[in-house]
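Colleague: Have a look at this prediction, sequence included:
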Amino acid sequence: MQSDILTVVVDRYDPEREKVPRPVTYRVPRQEGMVVADVLLYLYEHDAPDLGFLWECRTRRCGTCAMRVNGHPVLTCSEPVREHMRLSPLEGLPVVRDLIVDRQELQARLAPWAAEALEGLPKDARILLEPGEIAHYRALSECIDCFICDSVCPALAENANGGAQFAGPRRLIRLEAQVQRRAEPLPWLLYAAESNPSLCTRCFACTEECPRELRPAEAIGSLTKRLYERHELDAHKTSHISSFLRSILRAAWLDEFRLLVDIYGVVGVAKFIPQALRMLRRGKLPKPHFGQAAQSTDIQTILRGMDKRS
Amino acid sequence: MDVEILESDVLIIGAGGAGLRAAVEASKRGARVTVLSKGPVPGGATSVSGGVIQAAVGPDDSPEQHFRDTVIGGRFVNNQRLVQAFVHNAPQKVLDLERYGCAFDRNKDGSLDLRMPSGATRKRGIEGEVNSNVQKILAQRSLECGARIHEFMMVTRLLQDDKGQVYGATAVDFARGSFVAFVAGAVILATGAAGRLYSVTACPRSSTGDGVALARRVGARFINLEMMQFIPLAYTYPEFIKGFTLGEAPNYGHHTRFLNSKGERYMLKYDAKRAEYATRDVAARAGYIEIQEGRGSPHGGIWVDTSGNDRKDGLYQPHKLADRYQMIVDFYGPAKANFEEPFEATPSALFLIGGVEIDTDCRTNVPGLFAAGEVAANLHGANRLGANALAEIQVFGSIAGINAAEASRVGCPTPIRAALGLQISDERSAVLGLFEGPGKRRACEFKHDIQRIMWDCVGVVRDGKRLQIALAEFQRLREMYNEVRVTSETRRYNYDWVEALEIPMMLDVGEMMAAAALSRTESRGAHYRTDFPLEDDANWLRETVVQDLNGKLTATSQPVDMSVIPVAELQSS
């Protein structure tokens, strides 16, 4: 039996006044078919007039209502309620107030390249797609900027630790769409190269969580491949991919020793000796393989097939 | 007083399809453009629209045929010069979108895959893009052209010199919680829809008709404001989605049945011949009457029985309406989405057909003020054809952008700036004053009252008595408005504050709509009065005109422009 009252814990937070979020419990009368956004509107009209949350379109088009329900990122406009809920803002993004995260200024969000010098670029020139390509293009271009993919991206979270900056799935899927349609895609491809798509860890969390079922992880893979083919990746990354492919095509297993030599050169590999000794001591050094892996023809056929398809 | 004042050549209020298209065209012509969006981008009515765009591009089609369909559909009270400009510009302006990055459905031979929008006699509907995407692509294009777009910027007042010329606007920056002013050489109103005036609507949060209210306060003239279009079918629950469109009978196939709580096919009473396939206005009205007279479904709708339809029927096409189909699955369950069980649906406020009077250059009667899109009139007459609005925003957005860029070259003269400063500081006090004072009532209570009054009295079915009640109620609410206070102290993203600013605007708009409806003593298209149930061509091939003259609302009428094809000829065709 469903109860008539829902218990909702909301992480209230004003970063200008408080150090950490403060969970507040509310009770909300349940209605048939209720979605989480109904709960937020009820709280706004009754118990919490100052509750910070955003909504606009009501139908998965604007992306502003994304937040976490019991830790899981969702669009509240179409998320059914549950008996016990904890509402908190998306993870990994600066919180503006309560359930609102910083979605950035429109230009940074939508067309960051517009800030760069675009003089003389063919702005209106687009290629017309074949009917078969249209669905694929739409699957790249229908992003609603809900920021869910960025919020679950471990590579993006690493940015805070310094080093090369990863642009994140949200920006990269947008760039891949540009590259697909622009008659002269080079400027967008170069822009993509600066976004370090190769830092993607291939965890697919973005693709799994996308509320519109887009595939940012695949788009990042495609961008990386384009950059590799155009030799626009840095030397390390290019050698890494080339060596990886050679290894699989030759014997269907990954020769990690060869990989290191290909990337860093025979001399360069010397710096890995202490690490290798540590790994050896803990029994973590990969054992060398020889000859072909089991089912090697199958693996190689798949790889060649993938290459042709993409 | 310390108010940030931002300068530009062209100020565009609204960032839907019309505003952004205007931004593209004005920026291309070298104007410095600022666009203000009340909500996020995408957002507003463009983002939730159906996504079919009408333009005469088919091999068997012509602008002439598009003209005829539009005026016949509009029950002959469209401004024919606007329709003429519309149908001739639509093909080019719509196809420009592909150069900007949209991808429309095309056949194997490269031709556009067109569909037949309701009310059209030729295949003319271009589709394929989710419309939030069209909006996003236009925003991207505007930014690349150098326009500045500010989100969460609610305009509270237009700035005028002593001769009445408009030179900018004041706004609340909802994201930062501050008050801002914008000075510009020309201003384009592209604020779109007003569906939020009703308790049941397909419109998103921001659609409270602000542009109509802003224009009223600077003396603009309004045409056919009684014409509010309702869609026959919309969600009855969840509450948050209530009113979001489920379309009309043809969306589900050739054998859709509407049933009341007694299981009767009530449409046969209202249109024996076409029944469920009657025009939108008739179907919406019939459903409304059944519900009002107590024959509604448990959630206040009627039943839609789709079981006679074949899911493979070309009209339903779940693969093309994947988004909408998934919503039915999520909210009503797969059995209802798959035609195995009837579902509930209610009529819902969709589109404000009337609006600010414009000429074919998108000029209003107020100098310096242009208007385009849903806020403007009178392209659609008494009934808008499906898919015409998305083409309208491209055509008239372009025209407004081009002409406003030209008009802005003079700029705002320095002596006038001083006078504007006074208006800016007045407005600032009023806007910030909402946080103070003895009032106790919250704006959302007022909002529910207005929405209920509009739904009951200025809704699908009207009569003189109910319209008078609405006017009296609005007067009462106006007098109570000083009781409104924003109760929370926080300024950033404070919906309570935004709603407090919306209330007087909604009252301004609702009052004019009721006044216009009272003045049109006939029924035509979307406007239906039980005390005048018939079309009256002898007296009413006219436009209603409402104008606020120094605080006094006047409702008159004027002959409709029929300079292209005489109505008699259209009626006989």
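Modeller: Cool, got the structure.
Colleague: per-residue confidence for the residue of the stretch 1-150 of chain A found nearest chain B?
Modeller: Relative to chain B, the nearest point of the stretch 1-150 of chain A is A:D50 (3.2 Å; CB to the nearest CB). Yep, even glycine has a C-beta here, placed from its N, CA and C like the rest. For A:D50, the model assigns a pLDDT of 94.
Colleague: Please apply the same query to A:G268.
Modeller: Reading off the model, A:G268 has pLDDT 85.
Colleague: I'd guess it is in a helix, am I close?
Modeller: Yes - A:G268 forms part of a helix when assessed by DSSP: H, G, I helix; E, B strand; the rest coil.
Colleague: how does chain A divide into domains?
Modeller: Using automatic domain parsing, the domain parsing of chain A gives A:5-101, A:106-229, A:235-303.
Colleague: Start and end of the longest one, how far apart?
Modeller: Read that as domain A:106-229. 32 Å (CA to CA, to the nearest Å).
Colleague: Spatially nearest residue to residue 133, not counting backbone neighbours?
Modeller: I'll assume chain A. In this structure, A:E133 finds its nearest non-sequential neighbour in A:Q180, 7.9 Å apart by CB to CB, 6 or more residues apart in numbering or on different chains.
Colleague: Actually, chain B is the one I wanted.
Modeller: A:E142 (5.7 Å).
Colleague: what does B:P42 give?
Modeller: Nearest residue to B:P42, sequence neighbours excluded (CB to CB, 6+ apart): B:S132, at 3.9 Å.
Colleague: Give me the neighbour count for that neighbour.
Modeller: B:S132 has 28 neighbouring residues, counting by other CB atoms under 10 Å in any protein chain shown.
Colleague: so it touches B:G44, yeah?
Modeller: No - judged on CB atoms under 8 Å, B:S132 makes no contact with B:G44 at a distance of 9.7 Å.
Colleague: if I read this right, the residue of the stretch 1-150 of chain A closest to chain B contacts B:W497, doesn't it?
Modeller: No - the criterion here is CB under 8 Å, and A:D50 misses it with B:W497 at 10.1 Å.
Colleague: I'd assumed B:L259 was in contact with B:D305.
Modeller: Yes - using CB under 8 Å, B:D305 makes contact with B:L259 at a distance of 5.7 Å.
Colleague: which residues do those two both contact?
Modeller: B:P342 (CB atoms under 8 Å, 6 or more residues apart in numbering or on different chains).
Colleague: Report the contact partners of the residue nearest to A:E133.
Modeller: A:L129, A:E133, A:H136, A:Y137, A:L140.
Colleague: Dump those into CSV; add pLDDT as well.
Modeller: As requested, those are arranged in CSV below (pLDDT from 0 to 100):
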residue, pLDDT
A:L129, 85
A:E133, 85
A:H136, 86
A:Y137, 89
A:L140, 89
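Colleague: Now the buried members of these.
Modeller: A:L129, A:H136, A:Y137, A:L140 (16 or more other CB atoms under 10 Å in any protein chain shown).
Colleague: Narrow those to those in helices?
Modeller: A:H136, A:Y137, A:L140 (DSSP state H).
Colleague: From A:S296, how far out is the last one?
Modeller: Looking back up the chat, that one is A:L140. Counting by CB to CB, to the nearest Å, the gap from A:L140 to A:S296 is 34 Å.
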